[in-house]
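Enquirer: mind folding the following:
(2 chains)
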Amino acid sequence: MTANALMQVAVFLAVLLVLVAPMGRYMAFVFDDNRRGGNRFERIFYGACGIEPAEDMSWKRYALAMLFFNMAGVLLLYALQRLQGVLPLNPQHFVAPSADLAMNTAVSFATNTNWQAYAGESTMSYLTQMLGLAVQNFMSAATGIAVLVAVVRGFARRGASGIGNFWVDITRCTLYVLLPLSLVMALVLVSQGVVQNFHAYVDAGSQVLPMGPAASQVAIKQLGTNGGGFFNANSAHPFENPTGLSNFIEMLVIFLIPGGLCLTFGRMVGDKRQGWAILATMLMIFIPLAVGLVAAEQAGNPALHGLAVDGQASALQSGGNMEGKETRFGIAASGLFAAITTAASCGAVNAAHDSLTPLGGLIPMWLMQLGEVVFGGVGSGLYGMLAFAIVAVFIAGLMVGRTPEYLGKKIEAYEMKMASLAVLVPCALVTIGTAIAVLVPAGTAAVSNPGAHGFSEILYAVSSASNNNGSAFGGLSATTPFWNILLAVCMFLARFPLAIAMLAMAGSLAAKRHVPPSAGTLRTHTPLFVVLLACIVVVVGALTFLPALALGPIAEHLQAAAGH
Amino acid sequence: MTSATLPNRAFDRALVRTAVLDAFRKLSPRMQFRNPVMFVVLVCSILTTLIWVAGLSGHREVPSGFSFAVSAWLWFTLLFANFAEALAEGRGKAQANALRGSRKELIAKRVETPLRDAQVTYTPSTDLRTGHMVLVEAGEYLPGDGEVVAGTASVDESAITGESAPVIRESGGDRSAVTGGTKVLSDWLVVRITSNPGESFLDRMIAMVEGASRRKTPNEIALTILLAKFTLIFLLACATLLPYSIYSVQVAHAGEPITLTVLIALLVCLIPTTIGALLSAIGIAGMDRMIRANVIATSGRAVEAAGDVDVLLLDKTGTITLGNRQAVAFHPAPDVQAQTLAEVALLASLADDTPEGRSVLALAREAFGLTERVITNAVYVPFTAQTRMSGVDIGDRHIRKGAIDAVGRYLDANGSHLPPRVARQAEEVARRGATPLVVVEGARALGVVELKDIVKPGIKERFAQMRRMGIRTVMVTGDNPLTAAAIAAEAGVDDFLAEATPEAKLKLIRDIQAENRLVAMCGDGTNDAPALAQADVAVAMNTGTQAAREAGNMVDLDSDPTKLIEVVEIGKQLLITRGALTTFSLANDIAKYFAIIPAAFATTYPALNTLNVMHLATPQSAILSAVIFNALIIIVLIPLALRGVKYRALGADALLRRNLLVYGLGGIVAPFLGIKLIDLILVAIGAA
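Expert: Numbers count the residues shown, from 1 in each chain, chains lettered A, B, ... in the order given. Okay, here's the model as predicted:
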């Protein structure tokens, strides 16, 4: 780990911490319960869609609206891809992707996963990219945030029957949070050299340069933790992420909304310290892992240690492992990006994760397997973390001699059932999905590397889909019907059943009365609780995935270190 | 004051013997199904046994000795869990049997009118219904629960309370409730039966202590869900390990896939068997601790709620103060010697047998060395409700002592009046929360004796502890606000309710509950019943009325109001024990991974042996050591589960920090040491 790398991490965290506070305050203002009716501007949309903004939905209505809205999104996106050949804005005359690929992509973008089994610049027309993929980037992000806001209302409200109005929440989220931020972000990206046009591709002789409305899509891709690149190389592509500054900003905005939402949560439940505690928990897990990742990359391939190879960083070389990394970013900015994009369920990449050292590759994989709760997806990361908080509160609450409560709400069998479901679903999808993939020849045929690394490729892909991350390890030829269907099922089941379980819990919590705190109450904003919560997230993640990781990156690392 | 039938040690010989037998009886799948964690262990035990049997007939995936050892230890794991539960139940059963002995089939004397010489019909006690009246005479047992409607008698209730001194039961008032199975020692009673057969207090008690009506409490259900979740996660992690391993063997071109035996061993080690095995024992033991404190809870839910209590309503008399006031000072009138006052007060109290009267004698002795003399021509004037004074007439000396208003009237009638100085002295005494007793001789007021409520020693510290635990204490008293405030300040309660009426008490409870706080109280009178029914945790005194006992969700057989504090502590201890063992159980898994993972894949990826940080001898000894540790830790923790984690009156933060350190960190470290030790033993005896 070089001083330069440490400084980059420190600067990133410092700027992040400065920005999340106003972001959190602003979003608390946007989702304030007292202005549910909406202003005149919003009412244009409500009127046009026949929405009654004052309606307070029960959790079932809320979940149904959420499901309906997203299913419609899947179908529209599927139709758009299949029809792109006959639709305008297709200068390269791309034909429709296959049915399984289009289905995979539609589910992928509607679930905020943005797993890409296609290469953008050689598959999708500008219309599909803009009207389909970019729109879903907004909608899936808004859905995640809306569900979170509803879950937080469950904690904040007392003896209430409703948890808010889904239509109002996504409208406000899109209009006041996602659109303005994306607009600014797109302009910043354009200033750095990201392309934004409708031109046909430019034939520059030795190579063809792809074009398109990239900046507008890259902006929301980073902000909404979507991660689906406009181009195949994603943020490693110079037209998507041209400079060190654009790279820094792209990293920053991945954490901006998920980090801000922690503080929004604190404000909405009427105790800002609760929000900071959750944010601290996330940082406590994130920082060591991010530093570890960069350190592993700087240390380089363990198989080369002891050989006559100079792996030290110096004025003349970066040292460490530069395979698969862009020279304009280097080890620190690539490693940090990899940690951020997998801690948050973004999935944009600026380096080849397949080329990370075994331990360097273990960290992004494990960050996803933790359930995408360390920042995680916009909204979804925080409600996943709240499910863990409920498990933590339950165990810790018992140890102080009271039946457990969180934020003044008693945690009983129903809440425990839903929180358990939320923790269980991604674990089950990763383990079962990987098992299916290694058992079926169609699954293992996609692997391009032998040995433990091949297993890592499979494990990474299923972990990515089953936690709605969407980043790819690479090396796995996943554009086959088997993989398209398996991963689509994983993405779908990871997103909606989990969200519905959390909404159900919110419905139950909202109806409960509030227990005022006393000296005997477990305080959930203390450093002690932060440590406990982080430990529970890490221990559950470690206990569930250690056997699988042992057969993948851990075995690979130990073998390489032993000189095999 | 526990009853003689209750063994006090955790491992009583007879109980252990019964528990061992019960442990085998409880292996039935129907009983195991209630506990998802142990059910998985049962299935695993059967599977490994089948693998061993198959191995004997030639289909061998691991050496027979190894599969036998693993399956044997899995069965032990189950048996240990059953043993823990059986042991916890055993103590209840022993007491239930003793109780059942007192539930005899009797021939009751039914009467139509509540008179001793009424016409009697002989009826079996099983035919008695609510509303029937029975006559019970000396030497007879009460045929059922009821309310005394006529007569007064001394009753031996030792079968229920373990207290051998007989108690008085009489019609009307707060001592009218009688319990079936107790024995009338003298005189007679006519009792109106208040419960049908099978529903009596004794029946309920038997059911409770026996665990027959023990359903899972809400918190237990929630915890079971959490444990089921962890079990499922580990089931998935282990089951999918087989395909992973098969694939790894293919691509590594080395070794053998993980065997079923090892997978099962891994699974049983990972799922939270420790807490799963002890969960039910912890719950039963919690009830048992209540019973040892001579408190019978009507449900496990009530015990749990006790841990959650925010506010304690405590009666002043008997709980916060000693039952009686005591004389603490003489305040003579201006022209009177203190010693004179003391001498006269002593004379006035000579025949006063109340504790207050005796305390005046004691004070006089202590302050002025006065001794009691036998006075021959004394005529004692007892206290009556009309005069509200007592005293003595010695010749023409008329000595009286009494409350200020009563003495005032007496002086007025004798053509004198209370001097203002004395009246002021009395007022000052009252303001301090004490009771003034004015002493007069003839028409002359000699001064004031100060009677004070004596706050129980140590109670202030107890309340301070409560405050640290986040529990507010409210003193309830019939005294005037002035007196109440003074005593409240001295005892260190957070608040008080003065001039309390049953209605005011009920309103106070409702007000506190409206703030969503849980209230605990105790009471004995019929007029306490509405408040008892309203309170979240309501301890009825066994000496109380039937109505009070019906309204409460706990009955204190000792009728000691201070018990309420103990009840809260037992409730908290129950919850803490559950949390601590859950944490311990989960923390254990880390070490088990380090034992089993390198061993399981030793042939495919020998490099993984780097993770064998404990340097366990062989893959087989590593796996066996983890399985054995997993089984033995249950036995090791049984005493803790039954006794409960030591409770400390600390705030939530300190308590959590402490328990996390002991059970979290301890849970991580202990198995590393334990597994290594077992491995060393296995090597030493040549089993590895």
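Enquirer: report whether the helix or strand encompassing A:V537 contacts chain B.
Expert: Assigned by DSSP states H and E, A:V537 falls within helix A:527-549. Yes. For helix A:527-549 and chain B, the contact criterion (C-beta under 8 Å from any C-beta of the partner chain) is met by A:528-529, A:532, A:535, A:539-540, A:542-548. C-betas here are computed from N, CA, C, even on glycine.
Enquirer: put the alpha carbons of that helix into CSV.
Expert: Taking Å, rounded to 0.1, in the frame of the first residue of the first chain, the C-alpha atoms of helix A:527-549 are listed here in CSV:
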residue,chain,number,x,y,z
PRO,A,527,-20.1,2.7,19.0
LEU,A,528,-20.7,-0.6,20.8
PHE,A,529,-23.8,-1.3,18.7
VAL,A,530,-22.0,-0.2,15.5
VAL,A,531,-19.3,-2.8,16.2
LEU,A,532,-21.9,-5.4,17.0
LEU,A,533,-23.9,-4.8,13.8
ALA,A,534,-20.8,-4.8,11.7
CYS,A,535,-19.7,-8.1,13.3
ILE,A,536,-23.0,-9.7,12.6
VAL,A,537,-23.0,-8.7,9.0
VAL,A,538,-19.4,-9.9,8.6
VAL,A,539,-19.9,-13.1,10.6
VAL,A,540,-23.1,-14.1,8.7
GLY,A,541,-21.3,-13.4,5.4
ALA,A,542,-18.2,-15.3,6.5
LEU,A,543,-20.0,-18.3,7.9
THR,A,544,-22.2,-18.7,4.9
PHE,A,545,-19.6,-18.3,2.2
LEU,A,546,-16.3,-19.4,3.7
PRO,A,547,-16.6,-23.0,2.4
ALA,A,548,-17.3,-21.7,-1.1
LEU,A,549,-14.6,-19.0,-0.9
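Enquirer: quick one, what contacts A:V269?
Expert: Applying C-beta atoms under 8 Å, 6 or more residues apart in numbering or on different chains, we find A:V269 in contact with A:V152, A:F155, A:A156, A:L407.
Enquirer: want to throw the residues you listed into CSV with pLDDT and neighbour count?
Expert: CSV is the format used below for the contacts of A:V269 (pLDDT from 0 to 100; neighbours: other C-beta atoms under 10 Å in any protein chain shown):
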residue, pLDDT, neighbour count
A:V152, 97, 29
A:F155, 95, 23
A:A156, 94, 24
A:L407, 93, 24
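Enquirer: near chain B too, which of those?
Expert: Okay, of the contacts of A:V269, nothing touches chain B (C-beta under 8 Å from any C-beta).
Enquirer: mind picking the two most distant members of the residues you listed?
Expert: Maximum pairwise distance among these (C-beta to C-beta): 9.4 Å, between A:V152 and A:L407.
Enquirer: quick one: low-confidence ranges for the chain?
Expert: Picked chain A for this. Within chain A, the set of residues satisfying pLDDT under 70 comprises A:35-38, A:564.
Enquirer: that answer is for a different chain, and I need it for chain B
Expert: In the predicted model, chain B carries pLDDT under 70 at residues B:1-11, B:102-104, B:161-164, B:173-174, B:208-215, B:323, B:374, B:385, B:525-526, B:688.
Enquirer: tell me where the stretch 551-688 of chain B has strands.
Expert: B:554-556 (DSSP state E, counting those that start in this stretch).
Enquirer: spell out which parts of it neighbour chain A.
Expert: Counting by C-beta under 8 Å from any C-beta, the residues of the stretch 551-688 of chain B close to chain A are B:571-573, B:575-576, B:578-580, B:582-583, B:586-587, B:589-590, B:593, B:597, B:600-601, B:604-605, B:607-608, B:610-611, B:647, B:651-653, B:655-657, B:659-660, B:663-664.
Enquirer: please indicate which of the residues you listed are buried?
Expert: For those, a neighbour count by 16 or more other C-beta atoms under 10 Å in any protein chain shown gives the buried set as B:571-573, B:575-576, B:578-580, B:582-583, B:586-587, B:589-590, B:593, B:597, B:600-601, B:604-605, B:607-608, B:611, B:647, B:651-653, B:655-657, B:659-660, B:663-664.
Enquirer: just want the most central residue of the chain.
Expert: Picked chain A for this. Nearest to the geometric centre of chain A sits A:S345, at 1.3 Å (C-alpha atoms, centre = their mean).
Enquirer: actually it's chain B I care about, not the one you picked
Expert: By C-alpha atoms, centre = their mean, the most central residue of chain B is B:M290, 3.1 Å off.
Enquirer: what's the closest non-adjacent residue to that one?
Expert: B:A297 (5.2 Å; C-beta to C-beta, 6 or more residues apart in numbering or on different chains).
Enquirer: how many neighbours does that neighbour have?
Expert: Residues lying near B:A297 (other C-beta atoms under 10 Å in any protein chain shown) number 25.
Enquirer: try the one 10 residues further on
Expert: Counted by other C-beta under 10 Å, the residues lying close to B:G307 total 26.
Enquirer: returning to what we had before: which one of the contacts of A:V269 is nearest to chain B?
Expert: For the contacts of A:V269, the closest approach to chain B (C-beta to the nearest C-beta) belongs to A:L407, at 13.3 Å.
Enquirer: ok, the closest one touching A:Q274?
Expert: Yes. A:L407 lies in contact with A:Q274 (C-beta atoms under 8 Å); the separation is 6.5 Å.
Enquirer: and for these two, which residues touch both?
Expert: With C-beta under 8 Å, 6+ apart as the test, A:L407 and A:Q274 both reach A:T524.
Enquirer: quick check, A:A21 in contact with A:T264.
Expert: No. Judged on C-beta under 8 Å, A:A21 makes no contact with A:T264 at a distance of 10.6 Å.
Enquirer: who's more crowded, these two?
Expert: Set side by side, A:A21 and A:T264 show more neighbours around A:T264, with 27 against 16, by other C-beta under 10 Å.
Enquirer: and the more buried one, which of the three is it?
Expert: Classification of A:T264 by DSSP: H, G, I helix; E, B strand; the rest coil places it in helix.
Enquirer: ok, it - contacts?
Expert: Each residue near A:T264 by C-beta under 8 Å, 6+ apart is listed here: A:G24, A:R25, A:M27, A:A28, A:F31, A:V149, A:V152, A:G275.
Enquirer: B:S154 now?
Expert: Contacts of B:S154 by C-beta under 8 Å, 6+ apart are B:P166, B:V167, B:I168, B:R169, B:V184, B:L185, B:S186, B:D187.
Enquirer: cutoff 10 Å now
Expert: By C-beta atoms under 10 Å, 6 or more residues apart in numbering or on different chains, B:S154 lies in contact with B:A138, B:A165, B:P166, B:V167, B:I168, B:R169, B:K183, B:V184, B:L185, B:S186, B:D187.
Enquirer: who's the residue nearest to the first one when sequence neighbours are not counted bridged to?
Expert: Spelled out, that is B:A138. In space, and not counting its chain neighbours, B:A138 is closest to B:S186: 5.1 Å by C-beta to C-beta, 6+ apart. Beta-bridge partners recorded for B:S186 (DSSP bridges): B:S154.
Enquirer: residues near B:S186, how many?
Expert: Neighbour tally, B:S186, other C-beta under 10 Å: 14.
Enquirer: mind listing what it touches?
Expert: B:E137, B:A138, B:G139, B:T152, B:A153, B:S154, B:V155, B:D156, B:P166, B:I168.
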